Each structure stands twice: as C-alpha cells, then as structure tokens.
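S.K.: this is a predicted model, with the sequence first.
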Amino acid sequence: VWGGDDVRVEPGRWVALSGVRAVDFNIALLHDASGGTAIPEVLEEIKSAGVPALVMVTGAALGEVQQLVRASWVCVGAAAFMSLDLPDPGPEAADAGVRRLERHEVARARELVAEVFGFAPELAATAVPDETADAPGRSVWGRFTPDGVLVSTAATMVVEDVVAAWSVATPPAHRRQGHADALLRGALAGAWADGARRCLLNSSPEGEPLYRALGFVELERWQMWSRPRWVLSRF
C-alpha cells in the first residue's frame, strides 16, 4: 500500500522504491536465477535512487547471493512469505468490533503502527497513507473495544482475486486478548466480499504463530540483505 505507482513487477523480480530514507520502504525481491545480472542491476538502481534499501532473495536467486557479499551487503534476517486460501466466511464471521476505517480515522491507526514497529510519525504516514482508506481496492481495518478504543489495525489491498495484508499492528498492552485474530478474520471476510479468494503476506517472525493459527502456510522464506549502517539506523 505504500509503494503506489513506484512498484515495478518484472519476470524474476519486483522492485518498490518509495524514495523515503528508511530501509523498510525501499525493497527489491529477486526470485529467479539470472545468470548473474539481477543483483548488479538492482544494486545500481538502489544506488541511483540514493536511498537505503533491503534486497530480499529467494528461490533460484539464492545461488547468486555471493554478489551481495562481495558488494559488502550482509544478511540481516529472513521472513516467511505466507498464503491462505480464503474460506467463505459466512454470516458468523461478522464481529461488531471490526470495521473499515474512514479517512479521518487513519491517523489513529498510524499511531498504533508507529508504536508497534518503532516508526517515526513520518514513516508511519508512509506505511499507511491517508488514501489507503478510500482508494480502489485498499482498506484500513480496525478492531475496537466496546468503549470505542482502537486496539488493532491492518491495511489491505485487493488485486483481482488476491488480498495482501500489511502493517498488522496490535500494541503490547492489547496482545493475547484475541484482538489481532478477530481483526484479521474480519478484514479477510471483507476482502472475500470484495472478490478475494486468497491472502498473501510477508510475516515478521513475531507474527508467524498468529498466521499459522489462522491457517496460513509458508510458501517460501525470503532472505533479507542490506548494508549494516542502514539497518542499524532503525534503532
């Protein structure tokens, strides 16, 4: 949802460089063998953009990561790419506490995202832009307590019959109370109504137990590479 028109999908790769000077919002994924050309090309693109970035590598492209090592990039972790075939939610999926947020409510959702992911306010605004609330195929979801407190949020985008989820955030004070589970069930029911039949997401290690409990399965694991100074600047 933060990539906007700057996302480029090509055979064997996709690239999303937002231009924001934060490593989490300038990302390339390489998943096919390229004969040694893909990594130099994407590194040159990142250099030209002048932004910190992550390069995620999976599948046959893993055979070419020595090029990243020679360029002084390091592996900074790995994350699961997960999938769920959406069942027909039926009327029992309705949860009175879960709904789409309106544009004027997105700022509160960003506060939760900033708290959970440690983003500065301007980066939270990149993660969940205002237009996510009402652009075609995009939504910001929230789960509220009976007294109207927003306790969990997520952003979704439906493309054809697939829904992708980002920025799933529940602050520590509200975890282990079923809020994220209810939020995602409600958001996915809404995506089903919008035509989605499958959900894809890239999970943090902390989020994997929740997604597995909901029935998500791991399709592949993405190695994440960056320059040490870029990743250390997160903290």
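M.R.: In hand now; what should we look at? Please read all numbers here as calculations on a predicted model, not as lab measurements.
S.K.: most centrally placed residue in this structure?
M.R.: Closest to where the C-alpha atoms of the chain average out (C-alpha atoms, centre = their mean) is Trp166, at 3.5 Å.
S.K.: can you tell me the element that residue falls in?
M.R.: Here Trp166, judged by DSSP states H and E, is contained in strand 162-169.
S.K.: tell me what that strand is packed against?
M.R.: Contacts defined by 3 or more C-beta pairs under 8 Å, 6 or more residues apart in numbering; DSSP states H and E place strand 162-169 against helix 106-117, strand 150-159, helix 179-193, strand 198-203. Just so you know, the C-beta spots here come from the backbone N, C-alpha and C atoms, and that holds for glycine as well.
S.K.: can you tell me the strand partners of that strand and which way each runs?
M.R.: Using DSSP bridges, strand 162-169 pairs in its sheet with strand 150-159 (antiparallel), strand 198-203 (parallel).
S.K.: and Gly178, how far from Leu101?
M.R.: With the distance defined as C-beta to C-beta, to the nearest Å, Gly178 ends up 20 Å from Leu101.
S.K.: tell me which of these two has more neighbours.
M.R.: In this view Gly178 and Leu101 are compared by other C-beta atoms under 10 Å, and Leu101 has more residues nearby, 22 against 13.
S.K.: can you check what angle separates the lengthiest strand in the chain from strand 198-203?
M.R.: If you go by DSSP state E, the chain has its longest strand at strand 74-85. Put simply, strand 74-85 runs at 160 degrees to strand 198-203, going by axes from the mean of the first three to the mean of the last three C-alpha atoms, to 10 degrees.
S.K.: angle of strand 74-85 against helix 179-193?
M.R.: 60 degrees.
S.K.: show residues contacting strand 74-85.
M.R.: Residues outside strand 74-85 that contact it (C-beta atoms under 8 Å, 6 or more residues apart in numbering) are 54, 56, 58, 65, 188, 197-205, 208, 211, 214-228, 231.
S.K.: direction included, what does it pair up with?
M.R.: strand 198-203 (antiparallel), strand 217-226 (antiparallel).
S.K.: for it, output the C-alpha coordinates as PDB.
M.R.: Taking C-alpha atoms only, strand 74-85 is exported to PDB below (Å, rounded to 0.1, in the frame of the first residue of the first chain):
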ATOM      1  CA  VAL A  74      25.000  -8.700   4.800                       C
ATOM      2  CA  CYS A  75      22.100 -11.000   5.500                       C
ATOM      3  CA  VAL A  76      20.000  -9.300   8.200                       C
ATOM      4  CA  GLY A  77      17.400 -12.000   8.700                       C
ATOM      5  CA  ALA A  78      14.700 -13.900   6.900                       C
ATOM      6  CA  ALA A  79      10.900 -13.800   6.800                       C
ATOM      7  CA  ALA A  80       8.100 -16.100   5.800                       C
ATOM      8  CA  PHE A  81       6.000 -15.500   2.700                       C
ATOM      9  CA  MET A  82       2.700 -17.000   3.600                       C
ATOM     10  CA  SER A  83      -0.600 -17.800   1.900                       C
ATOM     11  CA  LEU A  84      -4.200 -18.600   2.900                       C
ATOM     12  CA  ASP A  85      -7.000 -19.900   0.700                       C
END
